[in-house]
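Q: predicted model and sequence below, questions to follow.
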Amino acid sequence: MNPLSPGTHSIDVDGVVQRYHVAGSGPVCVVHSGGPGIAWEYLRMPVLEQRLTMVHLEPVGTGESGGLADPTDYNLTTYQRFLHAVVEHLGVPRVALLGHSHGGFVVQRYLLAHPERVAGAVLYDTSPNTGEEFWSHAVANVGLFAERHADHPEAAAVASAFGRLGEDLDDDGKTDLLRDLLPAYFADYWGREEEFRPLRDGVRAWRAPDLGVEPEPFDVREELERTTVPALIVVGAHDFICGPPWAERLRAAIPHAEVLDLADSGHFGHLEQPEVFLPAVAEFVTKTAAR
């Protein structure tokens, strides 16, 4: 079977099933969704499928992909290895990569490890580092979100959900928690609730990937300064967790990168400002594929 034929594919990676989904035609763009532990479907972009071959990973530990015997194996090294297995399987000399949020951490690690396989990287609402400052900033922004929307009955549930992220919940509990928190990820969720409600009602999360513990905070800023892989940094101005301060750090680390600032978006610019996001990504991937 052609590894790039439309539909769902499965490969074996060290005895674990890795699923991926292919749609569209044109230059190949491999997509790694966020989380960890969130279903990939929220990131599907049919408009891009008209110009690109979109390959969506179903990250290990989610959906129909397999799970890991050792929970601590859910870490960036593992995600990078599974991503590389898919890239190798596709049989294309170089691919574009699009990593959203935590998926952006995976893509950064991958382009540093295998630059020869990457035509270009879209770093979408992500950061080159995490740690105490990163999480303190997110906590403060969630508090501000609750204050700004104090007149809305669901605002308190959003702040409460963020405070419960470390709880040991099952898949259903993780899904409910994510749905409670989701309004904070948009610039204006309740103003466009009819448009965004289907995503909130349909998104799913899995417990297993949250069990992994990274040995230390993520930080690739110094390594990124040496990369020559073309990059497009995309950031929503109202993103509470991977917003402008972290995009600025990416910008400083990759001085030759292109930047797409989305003034009216939070964490989901492909949904909030698709008329800006989608053509910019298509143009970048097409251009870097030809270099």
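A: Looks like it came in fine.
Q: mind listing the helices for the stretch 151-291 of the chain?
A: In order along the chain, the stretch 151-291 of the chain carries the following helices (DSSP state H, counting those that start in this stretch): 155-163, 171-181, 193-202, 221-224, 244-253, 269-272, 274-289.
Q: now do the last one: distance to the chain's middle.
A: Think helix 274-289. The gap between the average C-alpha position of helix 274-289 and the chain average comes to 17 Å, counting by C-alpha atoms, centre = their mean, to the nearest Å.
Q: list the buried residues in it.
A: Across helix 274-289, burial judged by 16 or more other C-beta atoms under 10 Å covers 276-278, 280-282, 284-289. C-beta here means a position set from N, CA and C on the backbone, and glycine is covered the same way.
Q: can I get the helices of the stretch 151-291 of the chain in CSV with mean pLDDT and distance to residue 86?
A: Below are the helices of the stretch 151-291 of the chain laid out as CSV (pLDDT from 0 to 100; distance: least, C-beta to C-beta, whole Å):
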stretch, mean pLDDT, distance to residue 86
helix 155-163, 85, 32
helix 171-181, 93, 24
helix 193-202, 96, 24
helix 221-224, 97, 23
helix 244-253, 97, 24
helix 269-272, 98, 21
helix 274-289, 98, 17
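Q: nearest to residue 36, out of those helices?
A: Nearest to residue 36 among the helices of the stretch 151-291 of the chain is helix 171-181; the distance by C-beta to C-beta comes to 10.8 Å.
Q: other SSEs contacting that closest one?
A: Using 3 or more C-beta pairs under 8 Å, 6 or more residues apart in numbering; DSSP states H and E as the contact definition, the elements that helix 171-181 packs against are helix 155-163.
Q: report the angle between the helix it packs on and helix 171-181.
A: With axes from the mean of the first three to the mean of the last three C-alpha atoms, to 10 degrees defining the directions, helix 155-163 sits at 130 degrees from helix 171-181.
Q: who's in contact with helix 155-163?
A: The contact list for helix 155-163 (C-beta atoms under 8 Å, 6 or more residues apart in numbering) reads 138-139, 142-143, 145-146, 149, 177-178, 180-181, 183-184.
Q: is residue 47 in contact with residue 276, as I believe?
A: No. Under the criterion of C-beta atoms under 8 Å, residue 47 makes no contact with residue 276, lying 12.0 Å away.
Q: gap between stretch 172-183 and the chain center?
A: In this view, stretch 172-183 has its centroid 17 Å away from the chain centroid, taken as C-alpha atoms, centre = their mean.
Q: when you give positions from now on, start the count at 33
A: Shifting the count to begin at 33 puts that one at stretch 204-215.
Q: any weak-confidence spans in this structure?
A: Per-residue confidence for the chain (pLDDT under 70) gives these ranges: 243-245, 247.
Q: and the next element down the chain from the helix or strand in which residue 110 is found?
A: According to DSSP states H and E, residue 110 maps onto helix 108-122. Toward the C-terminal end, the helix or strand that comes next after helix 108-122 (DSSP H and E) is strand 127-132.
Q: can you point out the buried residues in the one helix or strand residue 40 maps to?
A: Element membership of residue 40 [criterion: DSSP H and E] is strand 39-45. Along strand 39-45, these residues count as buried under the neighbour rule (16+ other C-beta under 10 Å): 41, 43, 45.
Q: so the second one touches residue 115, yeah?
A: No. Look at residue 43 against residue 115 with C-beta under 8 Å: they stay out of range, at 11.8 Å.
Q: stretch 51-66: end-to-end distance?
A: The first and last residues of stretch 51-66 sit 16 Å apart, counting by C-alpha to C-alpha, to the nearest Å.
Q: now rank the contacts of helix 187-195 by neighbours and give me the top one.
A: The most neighbours of any of the contacts of helix 187-195, using other C-beta atoms under 10 Å, belong to residue 216, which has 25 neighbours.
Q: quickly note the distance from it to residue 193.
A: Counting by C-beta to C-beta, to the nearest Å, the gap between residue 216 and residue 193 amounts to 8 Å.
Q: also residue 119?
A: The spacing between residue 119 and residue 193, counted by C-beta to C-beta, is 35 Å.
Q: over to residue 290?
A: Look at residue 290 and residue 193: by C-beta to C-beta, they are 34 Å apart.
Q: what of residue 96?
A: With distances taken as C-beta to C-beta, residue 96 is found 27 Å from residue 193.
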